[in-house]
Every structure is written in structure tokens, then in C-alpha cells.
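*Asks:* fold the following and give me the result.
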Amino acid sequence: MAFHLQFSEAPSGEEVSRSYQILRCDAEQKYKLAGFILSPRIYGVDVHYVGRSVPCMQHTGDCAWCKLGRPTRWVGYAPCADHNRQKLFIMEFTPGVMPSLVEYQKQFGSLRGAMVHLSRRHPRPNARLDINVLAAGAVLAPGDLPPMFDIEAALAKIFGLDAEGKDPTQPKIAKEPDAAAAKIADRITASLLGKKAASDAADGYKDLLETDYFDPSE
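*Replies:* Residues are numbered from 1 along each chain as shown. As a prediction, this is how the structure comes out:
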């Protein structure tokens, strides 16, 4: 008997796609974070903090946040696996811990397999971040680790970039923002920073609610 079904060898790309979480050395992680790096290098990007981290799009020649005078900060990311090699995630790095990773990469040529421990000296979100790096093979050989997942695609998904690599959530502003737009942006940013300060004072870190921006000229 013939069964008229259409078979395939693998599920569609949409079905096999998965999300990866960015983990930071914060209150949620009790200010300690460890993992095996799966990539040969760190993936750094400039971001604007506007209640949440959004990528700077200045490289495209059109970044609304830059036009509004919002400062940028560099953040590094690496695909990682936990010590049981069962959980895959993205670890976030700040500039202060990068010299250790840069020196390690110069010495060994690749970060893959390195066991990284991040910790804060005090249980506060803004306390100094320390790093300890164990050489690949000290705990597990690189070959015993899961393969590296597509971190660029994962970050694009987290940041909400569209198929063209653009951020559709950027505020719509005139090419040259006027004084009214700048004042609105300053007021919103001050409000967000005030909320974050209150959250930090409670010894916890939570993502702030996103705020809709608008073009006063529209």
C-alpha cells in the first residue's frame, strides 16, 4: 500500500532554529559566572544603553541614537557551554576583562576550550569585574566540547535586527534632530537611568521597560 506523504531528511530551518540567552555576571547569576568558550575569538560590538542595550548602527551610516547624542560602550560576546556541556549560552564581557583574553589568544591562537570564571568583588552590579582563565585542556579538551553555534545570527535575533541587518526599533527622527527631539531623548534617558539606579539600590538588576520614541516633527 502506498502512502502519499511528503518526507524530508531534516526539519525546516525555522524548526531547528533556537534562541540563546545572554548571561552577565549580575545579581541573577549571584555575581559569579563560568563557562567554556566555544569560539576562537570574542565578538565585540558598540551598543547604546536606552533602557536596554541596542547595537550602534553607525557602521551603516545611519544611527538614530548617535544622532541623538546617546553615548556608546563596547561589549564583547562569546558562545559558551556550561561545565556540564548541556547548556549553551552567550557570555558577556566588559572592556576591563579583555586584556586577559587578548593575552590568552595571543599565546594560544584561539580561545576555544578556555574555561572562564567571572566574578564581582562585591555583590553589586557596578562592582569591579574579575576574570580567571583556565587554559584549554586543563578541564576538557576542545574536541570534547559542543560545536560553536552561530553567534552572529543569535545576536541579530536577540537585538531584533531585520534581514538586512538593520534595527527596526530605532526611533524615527529627522536627519538632523532638532532641539525638541534632543530634549525628549534627554528626558527619557534620565528617567530610564533613574529607574536603573533604583533597581541597583535594591541589589538587583532587571531589564527596564522599553519606551516608544517618536519624531516630534511628524
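*Asks:* check the residue nearest to residue 41 when sequence neighbours are not counted and give its pLDDT.
*Replies:* Using Cβ to Cβ, 6 or more residues apart in numbering and skipping residues adjacent in sequence, the residue nearest residue 41 is residue 111, 6.0 Å away. Glycine gets a C-beta too; all of them are placed from N, C-alpha and C. Per-residue pLDDT puts residue 111 at 95.
*Asks:* so residue 111: helix, strand or coil?
*Replies:* Counting by DSSP: H, G, I helix; E, B strand; the rest coil, the backbone at residue 111 sits in coil.
*Asks:* relative to residue 51, how far out is it?
*Replies:* Distance of residue 111 to residue 51, given as Cβ to Cβ, to the nearest Å: 31 Å.
*Asks:* more neighbours: the two, which one.
*Replies:* Neighbour tally, residue 111 and residue 51, criterion other Cβ atoms under 10 Å: the higher count belongs to residue 111, 22 against 17.
*Asks:* okay, strands next: where are they in this protein?
*Replies:* In the chain, the strands defined using DSSP state E lie at 22-23, 32-37, 43-49, 53-55, 72-81, 88-93, 115-120, 129-134.
*Asks:* if we ignore the residues flanking it in sequence, what's nearest residue 80?
*Replies:* Nearest to residue 80 is residue 35, by Cβ to Cβ, 6+ apart, at 3.5 Å.
*Asks:* also residue 157?
*Replies:* Distances taken as Cβ to Cβ, 6+ apart place residue 19 nearest to residue 157, at 6.6 Å, with adjacent residues excluded.
*Asks:* residue 109 now?
*Replies:* Residue 109 sits nearest to residue 40 (Cβ to Cβ, 6+ apart), 7.9 Å away.
*Asks:* and for residue 73?
*Replies:* Closest residue to residue 73 apart from its sequence neighbours, by Cβ to Cβ, 6+ apart: residue 47 at 6.2 Å.
*Asks:* confirm for me that that neighbour is in contact with residue 55.
*Replies:* Yes - between residue 47 and residue 55 there is a contact under Cβ atoms under 8 Å: 5.6 Å.
*Asks:* which ones are touching residue 120?
*Replies:* By Cβ atoms under 8 Å, 6 or more residues apart in numbering, the contact set of residue 120 is 25, 31, 32, 127, 128, 129, 130.
*Asks:* one more time with 6 Å, if that's ok
*Replies:* Residue 120 makes contact with 25, 31, 127, 129 under the criterion Cβ atoms under 6 Å, 6 or more residues apart in numbering.
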